[in-house]
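>>> Any chance you could fold what I've pasted below:
(chains A and B)
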2 protein chains.
Amino acid sequence: MSEANFRIDEAPLPAPAEGEVLVKNLWLSLDPYMRGRMSDAKSYVKGVDIGEVMVGQTVGEVIESRNPALKKGDKVLAQGGWQLFASLPGRDISKLKEGPPLSYYLGVLGMPGMTAYFGLKELGQPKAGETVVVSAASGAVGSVVGQLAKAWGCRAIGIAGGPEKCAYVKNELGFDECFDYKAGKLREQLKEIDVYFDNVGGEILDTALARMKLFGRIVVCGTISDYNAADPYRVRNWRAILVNRLKVQGMIVFDWKDRYGEALKALGGHLAEGKLKTRESIVEGLDNAPKGLIGLLKGENFGKQLVRLA
Amino acid sequence: MSEANFRIDEAPLPAPAEGEVLVKNLWLSLDPYMRGRMSDAKSYVKGVDIGEVMVGQTVGEVIESRNPALKKGDKVLAQGGWQLFASLPGRDISKLKEGPPLSYYLGVLGMPGMTAYFGLKELGQPKAGETVVVSAASGAVGSVVGQLAKAWGCRAIGIAGGPEKCAYVKNELGFDECFDYKAGKLREQLKEIDVYFDNVGGEILDTALARMKLFGRIVVCGTISDYNAADPYRVRNWRAILVNRLKVQGMIVFDWKDRYGEALKALGGHLAEGKLKTRESIVEGLDNAPKGLIGLLKGENFGKQLVRLA
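Just a heads-up that it's a prediction; the model follows:
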């Protein structure tokens, strides 16, 4: 994927139909899943066709409303896409409580935060004292996973690329340890894993598989290493599932939408207590969104990757 | 592995120590896990060293007892190994209820039956109406898995090697369908799997992974396809776990030993009602045990593979 795969078009401002609102997008979230939407491969939702507006979650402000539940000036969370304005049905939009920085609703209080919360709590089922390992530990999901693990009494170990990210994960986010996979020593460094929260797939996953403890749990949350590969990575250590009676489960945050309120409350509480730190990588303007996504897929971001649209 | 890897030794009859009994072995169970015990690779229990008596479960008769809980003539289940007599601590031996053919305690009422029962019930968690697919369907575990699935109101689909085994699985065991993996059409034949009970690993597993339904469950019970391979099979469709939010779990029957009584009762009940059919492949005499095991690993057996020792 390259910037040449993207094109900016202009179009008249859409007029909201009955029940819709016109939203001015303020922040656009960039997420690894977007790469999947651009490919032909079967995924958990349908892809975006060539010529369509690229999908994406946004935080915006209502500038015109034809829906009684929303009024001009409301700040909202929406699937506004890669564009500056969107006319959307009011039922697909959530009104945001003001207080935290609005961009947090795309990160630590948004889908990445929810993914971390439900993935770790419900699929990882960590018990106090257990060792939780998470890959892409400086990313939007991984950073929350490790901090929740600490808050819940576990030992948190991150995996990240490069010494700078590892220092951030350990020193700023407070993980017990962070290993730099680029240093090539993961196989010796990882051991006795109770819960592995996998955001990357590939060799790192395979190494972790071989280091799981008896009755360990693996949360399969992302396979970013495959997104640009011609063929998927082939997993060598499948047999570890049998030998160590592992439980391996796939995690998609939409499955938990009935419980988003619970996660928002828990994450908001940890934020307020200073137990949950977050960092954002911001690119400026829609023109730079492709560059932001490409950088994200290469692991260049630090924390949640956003595009500032206004 | 070949017959040349085995040797028969003679030794004096062991005298039972205090608390032990001397057992005459009548039946020896042959199981795929035995191949793992002969290899250096890490497995869930320690291997057998060169020169040691090969391990194996047996049904036998007590011929001398120095344990008050067991008396001469008792029929027992034991880890008697590949030998004609064994002196064993009484606490490691279970006295068998007479009634069913004694050999059944090594098959449908033994470890394979228990494996099928707990693996399907607790890990597969099939609901009535769901589709359960099991590989090695004519084998000791697979044959019970499919028949339990039918008894519990599911659609049971077997995978087996060759038309003869498939006819047996469908016509005699009463599965709804059985696909011959050697015919090379599994990818088209398998679809919409709710529960896949995997006894084989390898390509068959990979094909099933790609055919799982949303929230499907995979019971990882055996990876027989790896046992004689220099390198383990590398799994291509790992990403299906994420896309379809699968739950994949390893199954070892020892983990369920506190509940063997429950399984024995359930399986015994189905047997008595004629809902559970079983078949045995028998080789005669200890001399033929290596040939029996090699045949089992090649899939030559039909149902439970046994060695008649007396």
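>>> Hmm, residue A:224 is touching residue A:200, no?
Yes: assessed by CB atoms under 8 Å, residue A:224 is found in contact with residue A:200 at 5.1 Å. Every C-beta, even on glycine, is put in place using the N, C-alpha and C of the backbone.
>>> list residues touching both of these two?
residue A:136 (CB atoms under 8 Å, 6 or more residues apart in numbering or on different chains).
>>> Any part of stretch A:99-116 near chain B?
No: Stretch A:99-116 lies out of reach of chain B by CB under 8 Å from any CB of the partner chain, never closer than 11.7 Å.
>>> what's the distance between residue A:294 and residue B:264?
60 Å (CB to CB, to the nearest Å).
>>> Equivalent analysis for residue A:12, please.
Distance from residue A:12 to residue B:264, counting by CB to CB: 74 Å.
>>> In chain A, which residue is most central in space?
With distances taken as CA atoms, centre = their mean, the residue of chain A nearest its centroid is residue A:112 (3.6 Å).
>>> Now that residue. Nearest residue, chain neighbours left out?
residue A:140 (3.6 Å; CB to CB, 6 or more residues apart in numbering or on different chains).
>>> That neighbour: neighbouring residues, count only.
Other residues near residue A:140 come to 32 when the count uses other CB atoms under 10 Å in any protein chain shown.
>>> so who does it touch?
So residue A:140 contacts A:31, A:107, A:108, A:112, A:113, A:303, A:304, A:305 (CB under 8 Å, 6+ apart).
>>> which secondary structure elements does the helix-or-strand element of chain A with minimal mean pLDDT contact?
Counting by mean pLDDT, DSSP states H and E, chain A has its least confident helix or strand at helix A:33-37, which shows a mean of 88. In terms of contacts (3 or more CB pairs under 8 Å, 6 or more residues apart in numbering or on different chains; DSSP states H and E), helix A:33-37 is packed against helix A:289-297.
>>> pLDDT wise, what is the residue in the stretch 101-250 of chain A positioned nearest to chain B at?
Proximity of the stretch 101-250 of chain A to chain B (CB to the nearest CB) peaks at residue A:234, 3.4 Å away. Note on residue A:234: pLDDT of 95.
>>> Could you give the backbone dihedrals for the closest residue to residue A:205 other than its chain neighbours?
Leaving aside its chain neighbours, residue A:205 sits nearest to residue A:198 (5.2 Å; criterion: CB to CB, 6+ apart). Backbone torsions of residue A:198, given as degrees, to the nearest 10, read phi -100, psi 120.
>>> Okay, and the beta partners of residue A:198?
residue A:220 (DSSP bridges).
>>> Next, count neighbours for the nearest residue to residue A:79 once chain neighbours are set aside.
Among residues not flanking residue A:79 along the chain, residue A:57 sits closest, at 5.9 Å (CB to CB, 6+ apart). By other CB under 10 Å, 18 other residues sit near residue A:57.
>>> The residue nearest to the centre of chain A reaches residue A:304, doesn't it?
Yes: using CB under 8 Å, residue A:112 makes contact with residue A:304 at a distance of 6.3 Å.
>>> hey, what's in contact with both of these two?
Taking CB under 8 Å, 6+ apart as the criterion, residue A:112 and residue A:304 both touch A:106, A:139, A:140.
>>> Who are the contact partners of residue A:160?
A:135, A:136, A:137, A:138, A:142, A:166, A:168, A:169, A:178, A:179, A:180, A:181.
>>> would you list the residues you listed in a markdown table and tack on neighbour count, secondary structure and pLDDT?
Formatted as a markdown table, the contacts of residue A:160 follow (neighbours: other CB atoms under 10 Å in any protein chain shown; DSSP: H, G, I helix; E, B strand; the rest coil; pLDDT from 0 to 100):
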| residue | neighbour count | secondary structure | pLDDT |
| --- | --- | --- | --- |
| A:135 | 30 | strand | 97 |
| A:136 | 27 | coil | 94 |
| A:137 | 29 | coil | 96 |
| A:138 | 28 | coil | 94 |
| A:142 | 29 | helix | 96 |
| A:166 | 23 | helix | 97 |
| A:168 | 22 | helix | 96 |
| A:169 | 28 | helix | 97 |
| A:178 | 23 | strand | 98 |
| A:179 | 22 | strand | 98 |
| A:180 | 20 | strand | 98 |
| A:181 | 22 | helix | 97 |
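>>> if we can go back for a sec, nearest to residue A:85, of the shared contacts of residue A:112 and residue A:304?
Using CB to CB, residue A:106 is the member of the shared contacts of residue A:112 and residue A:304 that lies nearest residue A:85, at 17.6 Å.
>>> how about the nearest residue to that closest one, chain neighbours excluded?
Per CB to CB, 6+ apart, closest to residue A:106 is residue A:29, 3.9 Å.
>>> Can you name the helix or strand that residue A:216 falls in?
For residue A:216, the host element (DSSP states H and E) is strand A:212-220.
>>> and that strand, how far out from the chain's middle?
How far strand A:212-220 lies from its chain's middle: 21 Å, per CA atoms, centre = their mean, to the nearest Å.
>>> where do the helices sit along chain A?
Using DSSP state H, the helices of chain A run over A:33-37, A:111-118, A:140-151, A:163-167, A:186-189, A:202-209, A:239-243, A:260-272, A:289-297.
>>> who does the shortest one touch, helix- and strand-wise?
Which is helix A:186-189. So helix A:186-189, by 3+ CB pairs under 8 Å, 6+ apart, packs with helix A:202-209.
>>> So which residues make contact with the helix it packs on?
With CB under 8 Å, 6+ apart as the criterion, helix A:202-209 contacts A:133, A:135, A:159, A:181, A:186-187, A:190, A:193, A:196, A:198, A:218, A:223, A:225-226, A:233, A:235-238, A:240-241, A:246, B:238.
>>> Restricted to buried residues, select the residues you listed in PyMOL.
To isolate the buried members of those in PyMOL, using 16 or more other CB atoms under 10 Å in any protein chain shown:
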select buried, (chain A and resi 133+135+159+181+186+190+193+196+198+218+223+225+226+233+235+236+237+238+240+241+246) or (chain B and resi 238)
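>>> Please name the nearest non-neighbouring residue to residue A:284.
Using CB to CB, 6+ apart, the closest residue to residue A:284 is residue A:308 (5.4 Å).
>>> let me redo that: residue A:122
Closest to residue A:122 by CB to CB, 6+ apart is residue A:256, at 7.5 Å.
>>> For the one you found, list the residues it contacts.
A:114, A:118, A:122, A:263.
>>> Distance from stretch A:257-269 to the middle of the chain?
Mean C-alpha position of stretch A:257-269 versus that of the full chain (CA atoms, centre = their mean) differs by 16 Å.
>>> Quick one: mean pLDDT for that stretch?
95.
>>> In stretch A:61-72, which residues are buried?
For stretch A:61-72, by 16+ other CB under 10 Å, it's A:61, A:62, A:64, A:65, A:67, A:70.
>>> Tell me where the stretch 51-200 of chain A is predicted with low confidence.
Along the stretch 51-200 of chain A, segments meeting pLDDT under 70 are nowhere present.
>>> Please enumerate the strands of it.
A:58-65, A:75-78, A:85-89, A:94-95, A:131-135, A:155-160, A:177-180, A:193-198 (DSSP state E, counting those that start in this stretch).
>>> mind putting these in a markdown table, distance to residue B:286 included?
A markdown table is the format used below for the strands of the stretch 51-200 of chain A (distance: least, CB to CB, whole Å):
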| stretch | distance to residue B:286 |
| --- | --- |
| strand A:58-65 | 73 |
| strand A:75-78 | 71 |
| strand A:85-89 | 75 |
| strand A:94-95 | 72 |
| strand A:131-135 | 47 |
| strand A:155-160 | 51 |
| strand A:177-180 | 51 |
| strand A:193-198 | 43 |
